[in-house]
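> Here's my sequence, what's the structure:
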Amino acid sequence: MDSRVYYEVRPLYKNEWEEAMQLAWDTFLIFEAPDYSVKGVHNFKSFVRDPLLKKMFTYGEYIAIGAFIDRRMIGILGVRNTNHVSLLFVDQEYHRKGVAKSLIRRYFREAKKEGVTYVTVNSSPYAVGFYHKIGFTNVKDELEKDGIRFTPMRIEL
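Numbers count the residues shown, from 1 in each chain. The predicted model follows:
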């Protein structure tokens, strides 16, 4: 029996923003929120609901790539300043099926074409192992700012 999952990875359309941020929020609540303070959870919610972030996306200043099965969004990657991953979430049902890796690889291919030479991420505690596995290295030990726990990381392209 074939257990592979077939999905499309592509830039988000403007009308998919709300769905993407809902996927990020729902997934955050399952995998991240239990490790965060109330303040951290509130700050993350404010981030994904921020009208300025949506405006940046609308004007092409924030990169957002999605993974889809038919029309159902199963993953989201968000990048600010052309080289900082600020969101990477995959629906719980599709964890460990290569979706996050596909999103990152798609972004890396496009970033290299645009002359990006390195990428940074502030990894949540949950995702540190994933980022190490795909080649990111720690820049510093885990930090906490405004209730958000993260490990600054970097990869050369």
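
> For the chain, just list every one of the helices.
Along the chain, counting by DSSP state H, helices occupy 17-31, 38-48, 51-58, 99-113, 128-133.

> for the third one, which positions count as buried?
In this case it means helix 51-58. Residues of helix 51-58 classed as buried by neighbour count (16 or more other CB atoms under 10 Å): 53-54, 56-57. To be clear about C-beta, it is placed using only N, CA and C from the backbone, and glycine gets the same treatment.

> Can you spell out which helices and strands pack onto that helix?
helix 17-31, strand 62-69 (3 or more CB pairs under 8 Å, 6 or more residues apart in numbering; DSSP states H and E).

> most neighbours per residue, which of these?
Mean neighbour count (mean count of other CB atoms under 10 Å) peaks for strand 62-69 among these, with a mean of 21.

> What strands line up against that one, and which way round?
Sheet partners assigned to strand 62-69 using DSSP bridges are listed as strand 8-11 (antiparallel), strand 72-80 (antiparallel).

> Looks like Ile65 contacts Pro11 (just checking).
Yes - judged on CB atoms under 8 Å, Ile65 makes contact with Pro11 at a distance of 5.6 Å.

> Reformat the helices and strands packed on helix 51-58 into TSV and put distance to Glu144 next to each item.
Compiled in TSV, these are given as follows (distance: least, CB to CB, whole Å):
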stretch	distance to Glu144
helix 17-31	16
strand 62-69	24
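
> Compare the ones you listed and give me the one nearest Tyr131.
Tyr131 lies closest to helix 17-31 among the helices and strands packed on helix 51-58, at 14.2 Å (CB to CB).

> which outside residues touch the closest one?
For helix 17-31, the external contacting residues (CB atoms under 8 Å, 6 or more residues apart in numbering) are 12, 44-45, 48-49, 54, 57-58, 64, 66, 73-76, 78, 87, 89-92, 124, 126.

> again, but for stretch 62-76
With CB under 8 Å, 6+ apart as the test, stretch 62-76 has contacts from 5-12, 16-17, 19-20, 23-24, 53, 56-57, 77-80, 82, 87-91, 93-94, 99-100, 102-103, 106-107.

> of the helices of the chain, which approaches Lys140 most closely?
helix 128-133 (12.3 Å).

> So which elements touch that closest one?
Packing partners of helix 128-133 (3+ CB pairs under 8 Å, 6+ apart): strand 118-123, strand 148-156.
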